[in-house]
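**Student:** have a look at this prediction, sequence included:
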Amino acid sequence: MNQMVKVVALSLSMANTTEYAAASPATPPSLLDGRITFAPQPVWADTIAYDETFPCHNEDTLTCLLHHEQIHAETNCTHVRIVLRLESLHAVQQLSHWRLNINPRTQKITLHTLKILRKDLVTEHAIPAKVRLVQREEDLVTFDLHEHYTLLTIFEDVRVGDLLDVAYTLEEQSLLFPGHCFRWISLPDALAIARYELSVLHLPERRLRHLASHSLGDPLVNLNANVAPGLIRWSWQGEVPNRILAEPNTPPWHLPERWLQLSDLSDWSVVSAGLAAVWPSSSTDESLTTEIARIKSDTTTSASRVELALRLIQDDFRYLRTKLEIDCQRPSPPAEVLQRRSGNSQDLARLLCHLLDILGVPARTVLVNPDLSPRLHELLPSPGLLNHAIVEFTLDGSTVWVDVNQRMQGGGPLGRSVPQFGYGLVIGGGDKNLLPQPAPPQPVNSLQEIQETIILDTSGRSSTLRVRQRMNGRHADEIRRGLAAGNVSSYQRERLSFFSLRYGDATVELPFTLDDDREKNLIRSIEIYRIRSFVDLKRGGGRCGITLPSSLAVIALAKPDTSTRQNPWSVEHPLKLEHTVELLSNTLDQLPSFGRTFSSEAFTLFLKRKFMRGHWIETISVETSTDTLPAELVANHARIIDNASRECAWSFFATAGVERPRRRHEFDTLLPNPAPESRLASPSGEATTPAKPDPAARKVARKAKRVAVRSGKKRKDITHWLWLGAGIAITAGVSAYFYYTNR
């Protein structure tokens, strides 16, 4: 229900009574003077009828009888009318409040009607005395700053079956692109809609373009609009008889079933040039000069200076997750950001570019959309589609992107892990199209190796669990960020809780300990626990049952519902994880080893088990190959995960009453550092190939080996004859002793 109402394009969103109970009516500042008015609808807006008898499906709690949006591109006004029917008490509870968010810097609101309709009774709430104004900063605790105000109306005497009729006009003026028109409209998938109509009025010389989903199709075109001569009217009409249920794990770039985009911007270079013209100049004050001098004095190479500048901003600055509105926001001057040590993504990216430029490293700000990454280049140019700023710089001939908002990263300036942004817009770049994300100069391989070693005890005492990890790339970054956000003790409690759930119980023997090589972005960790509940001693007959928990490699593959799916399935990618479980016990016999492979269109999983006397090993590794599965392939994907889960489940019987064996002396040591040719990447992500030995040196080594073998053989022969002679002499002496004694 929350998601359903949230996506209503008219901003008819649900509000909790408790959320606003403590919010006193805010006194509108001068900024809001004239921004909120009450008046009849504009003359250019049409009024259309709706069908009150539209049927309600049993599972629906809310029905949209009318969704009508009219855009006047020449005045940048949008007239909105929506009529909702409340089908249940839950809908009454949630929609007894109406709210509309407003950005006072760019928007004006005219309220026309806020009516509750019940047969012959009409109650109007669009009057100043019933409308409250509060500042919308409810997410301040998470540093999500919206800088919006909220118009709030609390309805009285709302009942099941009532109609909520809302109409208003929104006037928008972009601060950076005045006179231009760019809009994004979408119909809510979570509502059945009896009738919808989307229309646009514009002059031919505006060269307005539209892009619509397949479900909306092409518009009806009216060249003789009644509002004013010369205006062209586009309109899309229809109904949505059944709501589309939200499906879990849908990729964020998957658009609603019905959406419409408008833009009169010729290409992306217009957006780039418009932003570059209003961004602050790169002046340098005393604080910036001091910081640059410190970086230069502490380092000698360009790479080390870039690394120091990155760590300065990523580690020491507070990131404010402001809802970035590119068309009405500009970054703060670099000196101001440096002084306050905080900012949104634009502020931090602009500061880093300024520092790198002074250090002699070319850098540019790039605007991206993390959610629409693979589809951004398919849409029309619009600054409203860009909501995040990153940095592009060139070092040693390699061009990379870096997200300055990712804290505590490692791997060097060219080896950092960067999300897949897909496409981006360079500020002032002059490119007509979006630029694709550059490939990393060296592959940044994010691999996580987890090794669980269990020294098994079947006598009723606790077994020992040793957990060792070796990880790099984004996995190492996540561990480093997690520790930086709290402390080691709180992180240890989280780990203890995890293994207590995993094995039934756990107590700490060796706390979580790690070695962090940030330059290589490699973290190695070890922790030791005592566990007991996974061994079932109630079997009797001198046997006990042992059931090991599911492999972490299998758990990493989120299993979709096997029912029919309409939307794509999001897959974690890149994912490369290897999980090894070792069992040490004198009760374990030698058995034949085996292996299995499971593959789908999204992943490959390898299972290998090796059974030696007293030592059993299971290794499961998984690697994904894509980040999205089409809906028609999801069922097969789920079936393969099911098969892999059943095959990877591990339970067996063992002899009861056997105490755990003694530990080896290196039991409490970290996993070794990977060799250069290991699966883990080198610090910069470069795959290092071992150098081939010199042929002459190889020949000398083979000759020395042959000489050593022959010498060893001669020594072995001499030793053999010496021991044989000594044995004969001893035997002869003993025989002579007994002979003369018994004589």
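**Tutor:** Received, thanks. What you see is a predicted model; the values in this text were computed from it and never measured.
**Student:** list the contacts of A656.
**Tutor:** Going by CB atoms under 8 Å, 6 or more residues apart in numbering, A656 touches 458-459, 537, 539, 542-544. C-beta: built from backbone N, CA, C; applies to glycine.
**Student:** in helices, which of those fall?
**Tutor:** Restricting the contacts of A656 to those inside helices, with DSSP state H as the criterion, leaves an empty set.
**Student:** identify the farthest-apart pair in those residues.
**Tutor:** S459 and R539 (14.0 Å; CB to CB).
**Student:** report pLDDT for the closest residue to F317 other than its chain neighbours.
**Tutor:** If the residues on either side of it in the chain are set aside, F317 comes closest to R341, at 5.3 Å by CB to CB, 6 or more residues apart in numbering. For R341, the model assigns a pLDDT of 92.
**Student:** for R233, see how far away R341 is.
**Tutor:** Using CB to CB, to the nearest Å, one obtains 52 Å as the distance from R341 to R233.
**Student:** of the two, who's got more company?
**Tutor:** Just comparing R341 and R233: by other CB atoms under 10 Å the higher neighbour count belongs to R233, 19 against 11.
**Student:** can you pull the contacts of that one?
**Tutor:** When contacts are taken as CB under 8 Å, 6+ apart, R233 is in contact with 199-201, 221-222, 225.
**Student:** so which of those sit within strands?
**Tutor:** Counted as lying in strands by DSSP state E, out of the contacts of R233, are 199-201, 221-222.
**Student:** out of those residues, the closest to T289 would be?
**Tutor:** For the ones in strands among the contacts of R233, the minimum distance to T289 (CB to CB) is 52.0 Å, reached by V200.
**Student:** quick one: least confident helix or strand in the protein?
**Tutor:** The least trusted helix or strand in the chain, going by mean pLDDT, DSSP states H and E, turns out to be helix 17-21, with a mean of 29.
**Student:** before we move on, the earlier item: redo the contacts of R233 as a markdown table? Include distance to V418, neighbour count and pLDDT.
**Tutor:** Putting those into a markdown table (distance: CB to CB, whole Å; neighbours: other CB atoms under 10 Å; pLDDT from 0 to 100) gives the following:
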| residue | distance to V418 | neighbour count | pLDDT |
| --- | --- | --- | --- |
| S199 | 42 | 22 | 96 |
| V200 | 38 | 24 | 96 |
| L201 | 43 | 23 | 94 |
| V221 | 44 | 9 | 91 |
| N222 | 48 | 14 | 86 |
| A225 | 48 | 15 | 61 |
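**Student:** distance to A726 added to those, as TSV?
**Tutor:** Supplementary listing: these in TSV, determined by distance: CB to CB, whole Å:
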residue	distance to A726
S199	111
V200	108
L201	114
V221	112
N222	117
A225	118
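**Student:** and the furthest pair within the residues you listed?
**Tutor:** For the contacts of R233, the farthest-apart pair by CB to CB is L201 and V221; their separation is 11.8 Å.
**Student:** what do those two both touch?
**Tutor:** Counting by CB under 8 Å, 6+ apart, the contacts common to L201 and V221 are 232-233.
**Student:** any low-confidence regions in the stretch 501-650 of the chain?
**Tutor:** Per-residue confidence for the stretch 501-650 of the chain (pLDDT under 70) gives these ranges: 562.
**Student:** please name the residues that touch the residue nearest to F317.
**Tutor:** R341 neighbours (CB under 8 Å, 6+ apart): 316-318.
**Student:** of those, just the buried ones, PyMOL syntax please.
**Tutor:** Here is the PyMOL selection string for the buried members of the contacts of R341, based on 16 or more other CB atoms under 10 Å:
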select buried, resi 317
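**Student:** got the contacts of R341 as a markdown table, with pLDDT and distance to S304 columns?
**Tutor:** Conversion of the contacts of R341 to a markdown table gives the following (pLDDT from 0 to 100; distance: CB to CB, whole Å):
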| residue | pLDDT | distance to S304 |
| --- | --- | --- |
| D316 | 93 | 17 |
| F317 | 93 | 20 |
| R318 | 90 | 25 |
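**Student:** now secondary structure and distance to F499 too, for the contacts of R341, in CSV please.
**Tutor:** Listed next are the contacts of R341 as CSV, based on DSSP: H, G, I helix; E, B strand; the rest coil; distance: CB to CB, whole Å:
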residue, secondary structure, distance to F499
D316, helix, 34
F317, coil, 35
R318, strand, 33
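**Student:** closest to V402 out of the contacts of R341?
**Tutor:** Nearest to V402 out of the contacts of R341 is F317 (CB to CB; 14.1 Å).
**Student:** how about the closest one, phi and psi?
**Tutor:** The main-chain torsion angles of F317 are listed as degrees, to the nearest 10 and equal phi -110, psi 140.
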